[in-house]
Structures are given as structure tokens and as C-alpha cells.
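Asks: pasting the sequence and the predicted coordinates here, then a few questions.
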Amino acid sequence: MDKYISVPLTAETAASLRAGDYVYLTGTIYTARDAAHKRMFETLERGEQLPFNMENNVIYYMGPSPARTGRPIGSAGPTTASRMDKYAPSLLDLGLKGMIGKGKRSQAVKDAIVRNGAVYFAAVGGAGALLSRSIAASEVIAYDDLGTEAIRRLEVKDFPVIVVMDSEGNNLYETAIREYCRE
């Protein structure tokens, strides 16, 4: 089912999404990859403030290529999400409502998604140039020294994703395999 939703996510919207839903996000999301997650985790360990409030926000695991003239961002494809698995439960416990990446997640992330009523979306890998067309604005807000791994605030319009793991723990990667293997 196609759903057009605004981000940041509300708890009600996150709870309404089901594994397999096609979703088009409009609003503000943030980017962060491995190095930014490590730095945020270290910031939390020191008891300091994160560069943005996790509450109801969505993090896109992406490091863009340089923008061409007249564009806010270059190719913007997803990164393998499992590389952020050791950090994701802590951020979900702080109120993060959504993550966008590609690939499977650990049991600890799945448990944190369910515990916090969050959702994991997948963006299509290899389609970064197409995905960038849904990004209207991009601004580095933290860790500029990390280059492409800096944290960015993105303004998106109808950014296409698929719900892989919903707030009830349903996992499209598991259900799709079972459905495909049925005879």
C-alpha cells in the first residue's frame, strides 16, 4: 500500500506503518553514517548533547557524492544499515522513530524498534541519482570534518522508501522469503 507521510514521524504514524508498505516521505530527515554514529555515541558517553534531537526524527544512512551545479546534493544512495547496529538501539531509546538504509538488522535493533515503536525503511540501493531528485535541500549541521559522513539535515519531498521492519517487529526480509518459497 502506498502511503504519503510527513517527517518527523509521530508515534501514531510510525504505528500505522506495516512491513511491505511503500512510503513517500516529505519533510526533514537527517543523514549519518558510521563515523558520525561513532561520534554521537562517544558524545552520549561523555554526557553531552547530540547535534540534533532524536525525538521522532529519521536518520538516513547515506553519504552523498558532491552536488552538481544547481543541485542541493549529489548521488544519495543508502549505506548498509548493519554497520550502525551497535549504535542504533541507544538512539532509538532516545526517541529516534525511523532509520533508512539497506540490508538486514540485528536482533538488538529489532528489539529496540519494537520497544520504541519505531520503523526501519529501505531505500533502493544503486539508485542514488534517482533518490537525490527527491531531496530539495541539504545542509551540514555537524561534524563537517567527516566530509561525506558529516551529519546533514535534508528536506525531502516524496522520498521513496519501503517499510522493512515495522513497530510490531514484522520483517519484510523474512516474510518475503517465506512468501517466495511457498509452492
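Replies: Perfect, thanks for sending it.
Asks: which SSE is immediately downstream of the helix or strand encompassing residue 90?
Replies: For residue 90, the enclosing helix or strand under DSSP states H and E is helix 88-93. For helix 88-93, the succeeding helix or strand toward the C-terminus, using DSSP H and E, is strand 98-101.
Asks: who touches that next one?
Replies: 7, 9, 14, 29, 57-62, 78-81, 84, 88, 118-123, 161 (Cβ atoms under 8 Å, 6 or more residues apart in numbering). Every C-beta, even on glycine, is put in place using the N, C-alpha and C of the backbone.
Asks: just the buried ones from those?
Replies: Using 16 or more other Cβ atoms under 10 Å as the burial test, the contacts of strand 98-101 include 7, 9, 14, 29, 57-62, 78-79, 81, 84, 88, 118-123, 161 as buried.
Asks: any buried residues in the longest strand along the chain, and which?
Replies: Using DSSP state E to define each element, the chain has its longest strand at strand 151-165. Judged by neighbour count using 16+ other Cβ under 10 Å, the buried positions of strand 151-165 are 151-156, 159-165.
Asks: helices or strands up against that strand?
Replies: On a contact count with 3 or more Cβ pairs under 8 Å, 6 or more residues apart in numbering; DSSP states H and E, strand 151-165 meets strand 22-31, strand 119-122, strand 135-142, helix 172-181.
Asks: against which helices or strands is the longest helix along the chain packed?
Replies: In the chain, assigned by DSSP state H, the helix with the most residues is helix 34-45. For helix 34-45, the packing partners by 3+ Cβ pairs under 8 Å, 6+ apart come out as helix 88-93.
Asks: quick one: list the elements packing against the helix it packs on.
Replies: Looks like helix 88-93 contacts helix 34-45, helix 107-116 (3+ Cβ pairs under 8 Å, 6+ apart).
Asks: can you list contacts of it?
Replies: Taking Cβ under 8 Å, 6+ apart as the rule, helix 88-93 contacts 37, 40-41, 44, 54, 59, 96, 99, 105, 108-109, 111-113, 115-116, 118.
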